[in-house]
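>>> fold the following.
(2 chains)
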Amino acid sequence: MSAFKNPFDDRISLGPCSCGQPHSQAEHHAADLPAAVDSETLNRRVIESAIMRAVFPHDGERRNFLRAVGGSTALTALACFFPFGAIEAMAQEKGPLEKTDLKIGFIPITCASPLIMADPLGFYKKEGLKVSMIKTAGWALIRDKVLNKEYEASHMLAPMPIAISMGVGSSPMPINVATIQNINGQAITLHVKHKDKRDPKQWKGFKFAVPFEYSMHNFLLRYYVAEHGLDPDKDIQIRVVPPPEMVANLRAGNLDGYLGPDPFNQRAVFDEVGFIHLLSKEIWDGHPCCSFGVPTQFVKENPNTFAALYRSVLTAAAMARDPKNRPIMAEVLSPANYLNQPKTVLEQVLTGKFADGLGNVKTVPDRADFDPFPWYSMAVWILSQMKRWGYLKGEVRYKDISEQVYLVTDARKRMAEVGLTPPKESYRKFKLMGKEFDPAAPDAYLNSFAIKRS
Amino acid sequence: MMRSERAKAALISVLLFLVFVGVWHIATLPKESAMAATSGADAEYAALMGKGAEKSGGFPAPAQVGKAFVTYLSDPFYDRGPNDKGIAIQLGHSLARVGLGFLLAVLVALPAGFTIGMSPLLMRALDPFIQVLKPISPLAWMPLALYTLKDSSISGIFVIFVCSIWPMLINTAFGVASVRRDWLNVARTLEVKPLRKAFMVILPAAAPTILTGMRISMGIAWLVIVAAEMLVGGTGIGYFVWNEWNNLALPNVIFAITMIGIVGMALDGLFGRLQKLVTYRE
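Numbers count the residues shown, from 1 in each chain, chains lettered A, B, ... in the order given. Modelled structure (predicted):
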């Protein structure tokens, strides 16, 4: 993992992890696994590496520079310009933690990567938190366990905190979105027997699965088929199936396809039961999928713990964004304690070089990405779709609800603390399948659709 | 004579098992033609599809399942984080849940069954309720339990409680109600106090029926715990099955199924012993 190597050593590369040395991948990772290094050194290394990479975008230049002047001189020279110590102190500044033992729920999908990675990489520990990551059987159970306060915080689908806060599909309980977990990274997978039915118009009567009613998957699938003239409530059947059970159901012929989270799209390809029809980024490039949800009550009662948790997840997200770290992420996430999936499958999802199940190898580096910034405009779009499909009735206070649930201000503050640069604005326009969405006029957007329930 | 019969039965059991494994082995032999057809295609694609490497495709061969047995049984107590624990720990969690739920059910069902059995009036009055509640699948209670009890592990125990209470209640009531009239009459002529009558006459007389009820309840509880844990997750043998199902790792699932069977057999055997202890000849 290049982020944890000593950046002031001219012998090592800050480049990709597959180093070409004649040792096994396992040995390589054993030597590199950051768990072996104490977390403080690790933290400093991450910061130093980030700066060195910024100063020398080309690895060769850095090495030449270091060879010429020596590592320690380079460190001193750079320290004049960059206050390493101050950045480090800022990253570690924390008030007394109100609570250190936390339970966080997750669904075993790659969307949860930042939340999970923070555990084996020691980012929680570094902040003084003792976090147990609890694998959970489905989204309904995540909702119930958060409502029951069995989990202090949880991996949630981006629309879930909005729905729960409004009391739609559950008893109301205010929940905040601290960060978006991941963007893109979903796909429409169809059963192999439908290889010749690539046009959605041929999908009448298909049985599709989505992970939950209040999921981006549901809204994106509905959007996609509706753009092709199918009514998602009449022409196809949409069922709720927990992500881990999707492949088994596809194999059994219970489903014709699903818009599901990875690794289960790639897993269907790997097991030769399905093919990837479309990556979700082709519907909306940069769409949010999962979020890091924390009950408002917990945020208010434990501000320091929340801040510490926030920082650990953001640090992990920053690490997960770097394409160089993706292969080792696949390695760390693959054991039974986390995702319990073959490493090849995870690698294909995370690196974006994958088999599509139709005999092609595709390279889409941004197939899955981990941008933590919780744009208000994402929440507004979600609300517009909840209204479009009849989950919400009557007047919707788009702006109020979005700004109440999504914690943009906090995200800015915490992102700055861990050395990330958050965007300046909180709303932005984006395009889905070529059609622009303006967060300032959601109702006009809604009225422009022919197929809708409201 | 008896001994040779038993030896013969054991021999046939072993033979049947060997035949079963043999047929299974032959049925799951890898198909050469399928492998050859794909190896000619794009090598990179094949690598990404996991060709050539060990893969979960198809039904697992007995050797693979055997390997799963060896791996899990050689280290039954490992603990690699909250979501990956050894098989003994998982079974322990399941047994603890079943034990607790079952114990609670005993505490409620035995006194209640006794009361109902002694009073024909009560039995008739409560009968419709019992008949309605009895056939409800215990898992159907789960959403309600999660919502009201607000705790997933207590909900799991509650589900076990609900499923194991009915056979015990009904059998206890039936056993108590059908104690021989003569014995009760003898007790009455000897002017035995009611409490003494209950413990010295009725309880021993009804014990075999009560134990049968408990045995049935335990069987059902063990069936239900697997489903309940698959639903709620976290720990237990049911969660183990679910977790391996996610990975479509059938050898591990088969291993878990076998363990569930063995533990279930042991529990049933235990109650069989207890039953023998209280059986009497009239």
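>>> tell me how many other residues crowd the closest residue in space to residue A:138 that isn't next to it in sequence.
Using Cβ to Cβ, 6 or more residues apart in numbering or on different chains and skipping residues adjacent in sequence, the residue nearest residue A:138 is residue A:242, 3.7 Å away. Where you see a C-beta, it was placed from the backbone N, CA and C, and this is true even at glycine. Using other Cβ atoms under 10 Å in any protein chain shown, residue A:242 has 21 neighbouring residues.
>>> for residue A:242, list the residues it contacts.
Contact analysis of residue A:242 by Cβ atoms under 8 Å, 6 or more residues apart in numbering or on different chains lists A:107, A:137-139, A:211.
>>> list buried residues within those.
Among the contacts of residue A:242, those buried by neighbour count (16 or more other Cβ atoms under 10 Å in any protein chain shown) are A:107, A:137-139, A:211.
>>> okay, and which of those residues map to helices?
Applying DSSP state H to those, the entries found in helices are residue A:139.
>>> of the buried ones among the contacts of residue A:242, which pair is most distant in space?
Greatest spatial distance among these (Cβ to Cβ): A:137 and A:211, at 11.8 Å.
>>> how close does residue A:156 get to residue B:230?
With distances taken as Cβ to Cβ, to the nearest Å, residue A:156 is found 22 Å from residue B:230.
>>> looking at those two, which has the bigger crowd around it?
It is residue A:156, of residue A:156 and residue B:230, that has more neighbours when counted by other Cβ under 10 Å, with 31 against 19.
>>> run a quick neighbour tally on the nearest residue to residue A:414 once chain neighbours are set aside.
Among residues not flanking residue A:414 along the chain, residue A:310 sits closest, at 4.4 Å (Cβ to Cβ, 6+ apart). Neighbours of residue A:310 under the rule other Cβ under 10 Å: 26.
>>> cool, the one 3 residues further on as well?
As a burial measure, the neighbour count of residue A:313 was computed by other Cβ under 10 Å and equals 26.
>>> I'd say the residue nearest to residue A:414 and residue A:176 touch.
No - using Cβ atoms under 8 Å, residue A:310 is not in contact with residue A:176; the gap is 10.6 Å.
>>> one step back: model confidence score at the residue nearest to residue A:138, please.
pLDDT recorded at residue A:242 is 84.
>>> so which residues on the stretch 251-400 of chain A come close to chain B?
Proximity of the stretch 251-400 of chain A to chain B is confined to A:267, A:269-272, A:335-338, A:340-342, A:344-345, A:348, A:353-355, A:359-361 under the rule Cβ under 8 Å from any Cβ of the partner chain.
>>> can you give me the strands for the stretch 101-250 of chain B?
Secondary structure of the stretch 101-250 of chain B (DSSP state E, counting those that start in this stretch): no strands present.
>>> what does it have sitting close to chain A?
Along the stretch 101-250 of chain B, the residues adjacent to chain A under the rule Cβ under 8 Å from any Cβ are B:146-147, B:150-152, B:230-234, B:239, B:242-249.
>>> rerun at 7 Å
B:146, B:150-152, B:231-234, B:242-243, B:245-248 (Cβ under 7 Å from any Cβ of the partner chain).
>>> so which two of those are the farthest from each other?
Counting by Cβ to Cβ, the most remote pair of those is B:150 and B:248, 33.6 Å apart.
>>> which one's more surrounded, these two?
Shown here are residue B:150 and residue B:248; by other Cβ under 10 Å, residue B:248 has more neighbours (22 against 15).
>>> now do the end-to-end distance for stretch A:432-445.
The first and last residues of stretch A:432-445 sit 12 Å apart, counting by Cα to Cα, to the nearest Å.
>>> circling back to that earlier point, looking at the contacts of residue A:242, which is nearest chain B?
Nearest to chain B among the contacts of residue A:242 is residue A:137, at 3.9 Å by Cβ to the nearest Cβ.
>>> could you find the closest non-adjacent residue to that closest one?
Using Cβ to Cβ, 6+ apart and skipping residues adjacent in sequence, the residue nearest residue A:137 is residue B:233, 3.9 Å away.
>>> same check, this time on residue A:241
Per Cβ to Cβ, 6+ apart, closest to residue A:241 is residue A:209, 3.9 Å.
>>> rewinding a little: dump the buried ones among the contacts of residue A:242 into a markdown table; add pLDDT as well.
Output for the buried ones among the contacts of residue A:242, formatted as a markdown table (pLDDT from 0 to 100):
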| residue | pLDDT |
| --- | --- |
| A:107 | 88 |
| A:137 | 83 |
| A:138 | 85 |
| A:139 | 87 |
| A:211 | 90 |
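>>> which one of the buried ones among the contacts of residue A:242 sits closest to residue B:134?
Of all the buried ones among the contacts of residue A:242, residue A:137 has the smallest distance to residue B:134: 27.5 Å, by Cβ to Cβ.
>>> my guess is the closest one meets residue B:229, correct?
No - counting by Cβ atoms under 7 Å, residue A:137 stays clear of residue B:229, with 9.1 Å between them.
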